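S.K.: based on what follows, work out the 3D shape:
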Amino acid sequence: MSSKTEHILNCAMSILVESGDQGLTMRKIAERADMRLSNVQYYFKTKELLLAALLEGFLLEYADSMHLLSFPMNFEPQKRLSLLAFHILNDIESSNCSVIFKEIWAISERNSSVKSAVEQYYKQLYSMLFEALKQVAPMDCEDKQLDNTVVILLPFIEGYCITSSNLNISTKELADQLGSMMYNILTKSPN
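M.R.: Modelled structure (predicted):
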């Protein structure tokens, strides 16, 4: 990604956080980026393409952080699962995801191309979580058990993104509980 593209996306993200979807226009992005509108449109023809790039950036950033993870194999599977949960929850708390995703979800209800980008984002996130779980799950785990776990984990993550600031539990405690829940799903016989 070029530095100009990154600069435009950072400006768009800051406007989205400050003003929401209603305040996010290509003209305002150009002003914030100290560029001409035509220059911004050279990199992103439409607001929808820009939002899709924002989603892709979130996913790439998340993928990078997942690739940096290492879980000692001498740890019990439940401990490794708790560490994975802690990483996921901590990542959510340290980003602007709750604000950004509320806005992008709202836009996706009115815009089919943004909705497609959101759907693609979730497919890719599903795959990333599946692979991450495969690394930390008990050895005899089947794909169906991994799938069952991701199907529960994914909506939990998205809900946590919105509600985390209102929960009265430490990230570590919640990660331990989530690790225990995942372990139970992964060790239950698949149906």
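
S.K.: just for this protein, where's the confidence low?
M.R.: Across the chain, residues meeting the criterion (pLDDT under 70) sit at 1, 59, 62-63, 65-71, 94-98, 191.

S.K.: show me where it has its helices.
M.R.: Assigned by DSSP state H, the helices in the chain fall at 3-23, 26-33, 37-43, 47-67, 77-93, 97-110, 112-136, 143-163, 171-187.

S.K.: which of those is buried the deepest?
M.R.: Greatest average neighbour count among these goes to helix 77-93 (a mean of 20), per mean count of other Cβ atoms under 10 Å. For the C-beta atoms, the positions are set from N, CA and C on the backbone; glycine is no exception.

S.K.: okay, domains of the chain per the record?
M.R.: Domain assignment for the chain, taken from automatic domain parsing, gives 1-45, 49-187.

S.K.: any idea how far apart the tips of the longest one sit?
M.R.: With Cα to Cα, to the nearest Å as the measure, the first residue of domain 49-187 is 42 Å from its last.

S.K.: burial check on A137, number of neighbours?
M.R.: Close neighbours of A137, defined as other Cβ atoms under 10 Å, add up to 22.

S.K.: and it, what does it touch?
M.R.: Counting by Cβ atoms under 8 Å, 6 or more residues apart in numbering, A137 makes contact with P77, L81, Q145, L146, T149, L186.

S.K.: phi, psi of it?
M.R.: phi -70, psi 160 (degrees, to the nearest 10).

S.K.: how far away is it from V150?
M.R.: Using Cβ to Cβ, to the nearest Å, one obtains 11 Å as the distance from A137 to V150.

S.K.: before we move on, what about A85?
M.R.: A85 is 13 Å from V150, where distance means Cβ to Cβ.

S.K.: equivalent analysis for L125, please.
M.R.: Distance from L125 to V150, by Cβ to Cβ: 9 Å.

S.K.: ditto for H7
M.R.: 34 Å.

S.K.: can I get stretch 152-164 in CSV? Just the C-alpha atoms.
M.R.: Taking Å, rounded to 0.1, in the frame of the first residue of the first chain, the C-alpha atoms of stretch 152-164 are listed here in CSV:
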residue,chain,number,x,y,z
ILE,A,152,-19.9,-19.3,18.1
LEU,A,153,-16.7,-17.2,18.4
LEU,A,154,-17.3,-15.0,15.4
PRO,A,155,-20.6,-13.4,16.6
PHE,A,156,-19.2,-13.2,20.1
ILE,A,157,-16.2,-11.2,18.8
GLU,A,158,-18.5,-8.8,16.9
GLY,A,159,-20.8,-8.4,19.9
TYR,A,160,-17.8,-7.8,22.2
CYS,A,161,-16.5,-5.2,19.8
ILE,A,162,-19.7,-3.2,20.6
THR,A,163,-20.3,-4.0,24.2
SER,A,164,-16.7,-4.4,25.7
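
S.K.: need the contact list for the closest residue to L81 other than its chain neighbours.
M.R.: Spatial nearest neighbour of L81, excluding adjacent residues (Cβ to Cβ, 6 or more residues apart in numbering): G179 at 3.9 Å. By Cβ under 8 Å, 6+ apart, the contact list for G179 reads Q78, K79, R80, L81, S82, L83, L84, A85.
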